[in-house]
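*Asks:* the sequence and its predicted three-dimensional model are supplied below.
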Amino acid sequence: MYQTTYHRASSVDEAASLFAKGSDSKFLAGGQTLLPVMKQRLAGPSDVIDLGRIKELQGVELSGDTLTIKAATTYYDIMTNADVKQAIPAIAYLTSVLGDPAVRYRGTIGGSIANNDPAADFPAALLALGATVKTNKRSIAADDFFQGLFTTALEDGEIITAVSFPVPAKAGYEKMRHPASRFALTGVFVAQTKSGDVRVAATGASQTGVMRVPAIEAALKANWSPSAIDSVTISANGLLADIHGTAEYRANLIKVMAQRAVAAAR
Amino acid sequence: MSTVKLTVNGKAVAVDVEDRTLLVQLLRDHLNLTGTHVGCDTSQCGACVVHMDGRAVKSCTMLAGQADGATITTIEGIAKGDELHPMQAAFRDNHGLQCGYCTPGMIMSAIDIVHRYGGQLDEATVRTELEGNICRCTGYHNIVKAVLDAAGRMKVSQAAE
């Protein structure tokens, strides 16, 4: 790892001002991605601003039909939270199959979406549920937030403070787990909103990162059941292809994972 | 350089380290607690697992500074004098190791699993929960047996306290 200067911020405002003072600062939350990347010298920030102990970034709130998860809440604290389990059990499930137990104790929802790895789980949940990303400057709809591989609408120095999810009528998530990394070889999050709309998002599949799947959305809107997806055709164009799976394999996985997600949805 | 203050195995310590120092480097290189191992150094193998404020974390994937103010327990800190921790004793009795390199991390993760599940542990759960710990001898069978054995012993020893 290259030399760096570590700062622990005690508030969001302090974190923003520390960030601005560094020549090439990076925010650190759980560090489960940033630190491995720094160890490989793929990143060498002059300053690391630790958000992990900021109290205002911790916790979960359920208010009416809105579930709000603060940005530095760890995966473990999300998956064991009673409000999460009651309001959107699919999020608790998604979190329980993410990484491994030690990673879940450290990794955070804010870190996951800020990094926007094309195979990360949380971007699919935000996109399918129509969540809103709250930052220290503004609110950003999930549809506008994810902008391609490792790219988001965040400006330099902008800090995610929370994610707000509208509580759906039903939601489900399933993924084909990569046997070593536990990242989604392809994962699909399905959601039926309380107004009857259907949103479906796939991660780990597209060359441009998390994406909506309109063909499956239309099929499920007409008939919310796994068999409704049988006749849907997913094109392999633009899907990822690597040693773990071809684009055609991933196209089929989108269908199969969507069917399993609908079957598991509640 | 920064001074990192933390409690390690019950003892308060203050260590001057470069800011890029990992928690595992602080433990091994500065405190000479070499029981915590570095296996893959890429957050996958779990040989470096320690407890921070009661939670099993990968000490190769944390800066030492992130642990400032925390309470750390390493493999050196779980026995009571000459009396092995029930998890250590169960690993010995069930031959839960071959080369032993992964063992410190396995034991620290396994104790965390038992704390989280209490008496609800079964073989499938142990195997799933140990996914962040890799044994390159592939000696998982006896490791799982040891964890299940220890889960029973830890319940008994908790009840006795």
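*Replies:* Thanks, I have the structure now. Because the structure is predicted, anything quoted here is derived from the model rather than measured.

*Asks:* for the residue of the stretch 51-200 of chain A found nearest chain B, what are its contacts?
*Replies:* Chain B sits closest to residue A:100 of the stretch 51-200 of chain A, with a gap of 2.8 Å, by C-beta to the nearest C-beta. Where you see a C-beta, it was placed from the backbone N, CA and C, and this is true even at glycine. Taking C-beta atoms under 8 Å, 6 or more residues apart in numbering or on different chains, we find residue A:100 in contact with A:182, B:46, B:131, B:132.

*Asks:* got the residues of chain A near chain B?
*Replies:* Proximity of chain A to chain B (C-beta under 8 Å from any C-beta of the partner chain) is limited to residues A:1-6, A:8, A:28, A:31-32, A:35-36, A:38-39, A:48, A:50, A:52, A:76, A:99-103, A:105-106, A:180-182.

*Asks:* so where do the strands sit in the stretch 151-266 of chain A?
*Replies:* A:160-166, A:170-177, A:184-192, A:198-203, A:211-212 (DSSP state E, counting those that start in this stretch).

*Asks:* ditto for chain B
*Replies:* Assigned by DSSP state E, chain B shows strands spanning B:2-8, B:11-17, B:49-52, B:55-58, B:71-73.

*Asks:* count residues in the vicinity of residue 40, would you?
*Replies:* In the absence of a named chain, chain A is used. Neighbours of residue A:40 under the rule other C-beta atoms under 10 Å in any protein chain shown: 11.

*Asks:* meant chain B, my bad for not saying
*Replies:* 14.

*Asks:* same question, residue B:3
*Replies:* 10.

*Asks:* and it, what does it touch?
*Replies:* The neighbourhood of residue B:3, defined by C-beta under 8 Å, 6+ apart, consists of B:14, B:15, B:16.

*Asks:* one more time with 10 Å, if that's ok
*Replies:* Going by C-beta atoms under 10 Å, 6 or more residues apart in numbering or on different chains, residue B:3 touches B:14, B:15, B:16, B:17, B:65, B:68.

*Asks:* for it, list each beta-bridge partner.
*Replies:* In this entry, residue B:3 is beta-bridged to residue B:16, by DSSP bridges.

*Asks:* just the helices in the stretch 1-150 of chain A please.
*Replies:* For the stretch 1-150 of chain A, applying DSSP state H, counting those that start in this stretch gives helices covering A:12-21, A:34-39, A:75-79, A:82-87, A:89-96, A:101-106, A:109-115, A:122-129, A:142-145.

*Asks:* out of those helices, which one sits most buried?
*Replies:* Mean neighbours per residue, mean count of other C-beta atoms under 10 Å in any protein chain shown, is largest over those for helix A:122-129, with a mean of 29.

*Asks:* that one versus strand A:170-177: what angle between them?
*Replies:* Per axes from the mean of the first three to the mean of the last three C-alpha atoms, to 10 degrees, the angle that helix A:122-129 makes with strand A:170-177 is 150 degrees.

*Asks:* mind exporting helix A:122-129 as PDB, just the C-alpha atoms?
*Replies:* Extracted as PDB, the C-alpha positions of helix A:122-129 are listed here (Å, rounded to 0.1, in the frame of the first residue of the first chain):
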ATOM      1  CA  PHE A 122     -27.300  -3.500  -3.300                       C
ATOM      2  CA  PRO A 123     -27.600  -1.600  -6.600                       C
ATOM      3  CA  ALA A 124     -30.200  -4.100  -7.800                       C
ATOM      4  CA  ALA A 125     -32.300  -3.500  -4.600                       C
ATOM      5  CA  LEU A 126     -32.200   0.200  -5.000                       C
ATOM      6  CA  LEU A 127     -33.100   0.200  -8.700                       C
ATOM      7  CA  ALA A 128     -35.900  -2.400  -8.400                       C
ATOM      8  CA  LEU A 129     -37.400  -0.700  -5.300                       C
END
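
*Asks:* that one: how far from the chain's middle?
*Replies:* 6 Å (C-alpha atoms, centre = their mean, to the nearest Å).

*Asks:* give me the angle between that helix and helix A:89-96.
*Replies:* Here helix A:122-129 runs at an angle of 170 degrees relative to helix A:89-96 (the same axes, to 10 degrees).

*Asks:* contact partners for residue A:144?
*Replies:* Taking C-beta under 10 Å, 6+ apart, one finds A:132, A:133, A:152, A:153 in contact with residue A:144.

*Asks:* and the residues you listed, which two are furthest apart?
*Replies:* The most widely separated members of the contacts of residue A:144, counting by C-beta to C-beta, are A:132 and A:152 (13.7 Å).

*Asks:* in the helix ranked longest in chain A, which residues are buried?
*Replies:* For chain A, the helix with the greatest residue count under DSSP state H is helix A:247-264. Of the residues in helix A:247-264, those with enough neighbours to count as buried (16 or more other C-beta atoms under 10 Å in any protein chain shown) are A:247, A:249-251, A:253-255, A:257-262, A:264.

*Asks:* got CSV for these, with pLDDT too?
*Replies:* Output for the buried residues of helix A:247-264, formatted as CSV (pLDDT from 0 to 100):
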residue, pLDDT
A:247, 97
A:249, 97
A:250, 97
A:251, 98
A:253, 98
A:254, 98
A:255, 98
A:257, 98
A:258, 98
A:259, 98
A:260, 98
A:261, 98
A:262, 98
A:264, 97
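
*Asks:* and which of those is nearest to residue A:92?
*Replies:* The nearest one, if we look at those relative to residue A:92 and count by C-beta to C-beta, is residue A:264, at 12.2 Å.

*Asks:* let me see the domain layout of the chain.
*Replies:* Because you didn't say which chain, this covers chain A. Under automatic domain parsing, the residue ranges defining each domain of chain A are A:5-50, A:58-266.

*Asks:* meant chain B, my bad for not saying
*Replies:* Using automatic domain parsing, the domain ranges for chain B come out as B:2-77, B:86-160.

*Asks:* in chain B, which ranges drop under the pLDDT threshold?
*Replies:* B:156-161 (pLDDT under 70).

*Asks:* need the longest helix for it.
*Replies:* Counting by DSSP H, the longest helix found in chain B is helix B:140-160.

*Asks:* helices or strands next to it in the packing?
*Replies:* If you count contacts as 3 or more C-beta pairs under 10 Å, 6 or more residues apart in numbering or on different chains; DSSP states H and E, helix B:140-160 packs onto helix B:86-93, helix B:103-117, helix B:123-129.

*Asks:* how distant is it from the center of its chain?
*Replies:* 15 Å.

*Asks:* again, but for stretch A:30-40
*Replies:* 17 Å.

*Asks:* likewise stretch B:19-38?
*Replies:* Offset of stretch B:19-38 from its chain centre (C-alpha atoms, centre = their mean): 13 Å.
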